[in-house]
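>>> could you work out the structure for the sequence below:
(chains A and B)
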Amino acid sequence: GAVVSQHPSWVICKSGTSVKIECRSLDFQATTMFWYRQFPKQSLMLMATSNEGSKATYEQGVEKDKFLINHASLTLSTLTVTSAHPEDSSFYICSASPGGVQPQHFGDGTRLSIL
Amino acid sequence: DQQVKQNSPSLSVQEGRISILNCDYTNSMFDYFLWYKKYPAEGPTFLISISSIKDKNEDGRFTVFLNKSAKHLSLHIVPSQPGDSAVYFCAASRNTGGFKTIFGAGTRLFVKA
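Model prediction:
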């Protein structure tokens, strides 16, 4: 089955630092990947659509300069949380699907804690 | 604006009985619906889906029913097993526009042995 790998699984860092999260499709190519954020006991909120070779499409209310997305290859998308602050602490999850058709397959998520 | 709603935050069911999880949506443009299962500290795992041209899809113990006129779908698990205990997310998308998928808030299912 389609496998999506996310790294790291857990990050703790000081306020003001930047954190990069990687999302890889291990056994398929993905021209599109999705980045979600989940607060405790809440839904998965779509942050942005990552497009290989072009700019990401951000959802309303998501700061582009805060959450930098790079989709440089057909198997890798990265999300960089720049100058992270405690309010950025959350569970970040990526997804992708073979051939761009449903269903999406999710990584195991990254728990980000900013002190 | 919550386009996909799961109004029950939790559900408790006895092992062997039926679990019914409900989901409502507001956007009539959605034409593909999915259920995902999620354990703590893991990403969601795809469970079952249904296209808007159908009203029922079955896969083993899992059946999804879609009522388009009511903008309602449900997931039935029969028989329920303790290993089914998890958070279940309902999701909806349009098969155009890059398959952007909107998720409900989730329902936590407890299956008691």
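>>> now the most centrally placed residue in chain A: which helix or strand?
Nearest to the mean C-alpha position of chain A, counting by CA atoms, centre = their mean, stands A:Trp35 at 3.8 Å. Assigned by DSSP states H and E, A:Trp35 falls within strand A:32-38.
>>> partner strands of the lowest-mean-pLDDT helix or strand in chain B, with direction?
For chain B, the helix or strand with the lowest mean confidence is strand B:101-103, at a mean of 89 (criterion: mean pLDDT, DSSP states H and E). Strands that pair with strand B:101-103, judged by DSSP bridges, come out as strand B:86-93 (antiparallel).
>>> give me the contacts around the least confident helix or strand of chain B.
Under the criterion CB atoms under 8 Å, 6 or more residues apart in numbering or on different chains, residues A:34, A:36, A:43-46, A:95, A:102, A:104, B:3-4, B:27, B:30, B:34, B:36, B:89-93 lie in contact with strand B:101-103. Backbone N, C-alpha and C define where each C-beta goes, glycine included.
>>> following it, which helix or strand shows up next?
strand B:107-112.
>>> related to what we said a few turns ago, between the strand holding A:Trp35 and strand B:86-93, how big is the angle?
Per axes from the mean of the first three to the mean of the last three CA atoms, to 10 degrees, the angle that strand A:32-38 makes with strand B:86-93 is 130 degrees.
>>> what angle separates the helix or strand just after strand A:32-38 from strand B:86-93?
From strand A:32-38 onward toward the C-terminus, using DSSP H and E, the following helix or strand is strand A:44-51. With the same axes, to 10 degrees applied, the angle from strand A:44-51 to strand B:86-93 works out at 50 degrees.
>>> in the least confident helix or strand of chain B, what's buried?
By 16 or more other CB atoms under 10 Å in any protein chain shown, the buried positions in strand B:101-103 come out as B:Thr101, B:Ile102, B:Phe103.
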